[in-house]
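J.: What follows is a predicted protein model with its sequence.
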Amino acid sequence: RKEVEQDPGPFNVPEGATVAFNCTYSNSASQSFFWYRQDCRKEPKLLMSVYSSGNEDGRFTAQLNRASQYISLLIRDSKLSDSATYLCVATSGYSTLTFGKGTMLLVSP
Amino acid sequence: NAGVMQNPRHLVRRRGQEARLRCSPMKGHSHVYWYRQLPEEGLKFMVYLQKENIIDESGMPKERFSAEFPKEGPSILRIQQVVRGDSAAYFCASSPWTGEAYEQYFGPGTRLTVT
């Protein structure tokens, strides 16, 4: 079983739409969770950490459900510049990050 | 504050040659991580180092791959006798401290092509 699973997409949405991505993780010992964004052939960039209480950063909202081992990312009012691959990440052990394969988002005019 | 630096950005090697990839962490960061991203695959952890110490190399292939982070200078990921399957993007990340609630910042990566 894959450690972090995501729907690969692509998710095609118009500008201004709200879109949600989900992710599940298998390691119940994982303590910290993140969403990274990766543009084509570029490095991953940290988008936000994910906390049990849920957290919001502008148009982005992340939620964590430890009981279901489930993480979500909600993007409101999508912009063309939001087009990218969104990587769900869980910590594994002391120091390592386990990445999902990513969900591709395409925002069209 | 310069970010994580990696060089070269692109590296072409023939089968059997050696590849040396360099990573300079962000200023003030003493923890370095290497990840590999194969085409159409997610990033996979390879190794975690602090200055002069390998902390976790559970993701490193058993043969041909080695990593170091000397007291002075960049971290080096070394691949001996490269094969076509080594072609991938190799990303380095750094963090200022370790523990469960840390954040890692990635360099631009080195794209290795083995011909």
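T.: It's in.
J.: give the contact list for the residue lying closest to residue A:71 once chain neighbours are set aside.
T.: Distance criterion Cβ to Cβ, 6 or more residues apart in numbering or on different chains; nearest residue to residue A:71, sequence neighbours excluded, is residue A:23 at 4.5 Å. All C-beta spots, glycine's among them, are computed from the backbone N, C-alpha and C. Contacts were defined as Cβ atoms under 8 Å, 6 or more residues apart in numbering or on different chains; by that measure residue A:23 touches A:4, A:5, A:6, A:70, A:71, A:72, A:73, A:88, A:100, A:103.
J.: Swap in 6 Å and give it another go.
T.: Taking Cβ atoms under 6 Å, 6 or more residues apart in numbering or on different chains, we find residue A:23 in contact with A:6, A:71, A:88, A:100.
J.: Would you format the residues you listed as CSV with pLDDT included?
T.: Listed next are the contacts of residue A:23 as CSV, based on pLDDT from 0 to 100:
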residue, pLDDT
A:6, 95
A:71, 95
A:88, 95
A:100, 94
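J.: so where is the chain shaky, pLDDT-wise?
T.: This is for chain A. Along chain A, the parts satisfying pLDDT under 70 run over A:1-2, A:93-95.
J.: that's the other chain; I wanted chain B
T.: In the prediction, chain B carries residues with pLDDT under 70 at positions B:1, B:98-102.
J.: Nearest the geometric middle of it, what residue?
T.: residue B:34 (3.4 Å; Cα atoms, centre = their mean).
J.: Do I have it right that that residue meets residue B:46?
T.: Yes: counting by Cβ atoms under 6 Å, residue B:34 touches residue B:46, with 4.4 Å between them.
J.: if we can go back for a sec, name the helix or strand for the residue nearest to residue A:71, please.
T.: Remark: residue A:23 resides in strand A:19-25, with elements defined by DSSP states H and E.
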